[in-house]
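1. coords please:
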Amino acid sequence: MSGEFILLLHPAFGILALLAAVWVFVESLNTGDIHYGRIRNMSLVVAVLMWLTYLIGGYWYVVFYGGDKAVIKAGPWPFAHSFFMETKEHVFFMLLLLATFLPIITGSDLIKQVAGRKVVQWTAAMIIVLALLMEGAGAVISMGVKVGLFTAA
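-> The predicted structure follows:
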């Protein structure tokens, strides 16, 4: 599998996980047996997609990122690595834990109580915000590579 294809899969799975988290949040605003099933299913989708994002991104980072890292550090935007990539590497674990926690809390009868739904809503909201931050950080890192390549040419 080529590095470019892997690099496309990583944010694609991340965005799909983000959309699934939005779905969970919106579904949890309603109550009813039909909603509970969809909430449980989509929370599992969030977790699976987030783990795929992590595994694919981790593979790409280990195998392919070394060259891009050198370009970023030598270019005009070294902060794209020193701040954004370093932050992304550490904050993502919180996102992964929240995504793993989501199907656990939606799989219990706790979701049928108001307090349980609030936990689901807050967890989904934190996933949404962190996923948006991760996507933004990825965009800055990508731009760091581009401006580094443009100035090297």
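2. tell me which residues are up against stretch 62-74.
-> Stretch 62-74 has contacts (CB atoms under 8 Å, 6 or more residues apart in numbering) with 3, 6-7, 78, 80-82, 85, 141, 144-145, 148-149, 152. The C-beta positions use only the backbone N, C-alpha and C, and glycine is treated the same way.
3. possible to save those residues as CSV with distance to residue 113?
-> Shown next, in CSV, are the contacts of stretch 62-74 (distance: CB to CB, whole Å):
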residue, distance to residue 113
3, 47
6, 42
7, 43
78, 50
80, 45
81, 45
82, 45
85, 41
141, 41
144, 46
145, 48
148, 52
149, 54
152, 58
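4. quick one, which of the residues you listed are buried?
-> 7, 80-81, 85, 141, 144-145, 148 (16 or more other CB atoms under 10 Å).
5. show me which of these is closest to residue 40.
-> residue 7 (31.9 Å; CB to CB).
6. hmm, the closest one is touching residue 60, no?
-> Yes. Residue 7 lies in contact with residue 60 (CB atoms under 8 Å); the separation is 6.0 Å.
7. all helices for the chain, in order.
-> With helices called from DSSP state H, the chain shows them at 3-27, 33-74, 79, 86-106, 114-152.
8. between the first one and helix 86-106, how many degrees?
-> Our comparison of helix 3-27 with helix 86-106, counting by axes from the mean of the first three to the mean of the last three CA atoms, to 10 degrees, yields an angle of 40 degrees.
9. touching, residue 42 and residue 22? I think so.
-> No. Contact between residue 42 and residue 22 fails when scored by CB under 8 Å: they sit 9.4 Å apart.
10. and those two? Which one has more around it.
-> More crowded of residue 42 and residue 22, by other CB atoms under 10 Å: residue 42, with 24 against 17.
11. what about the more buried one, distance to residue 128?
-> 13 Å (CB to CB, to the nearest Å).
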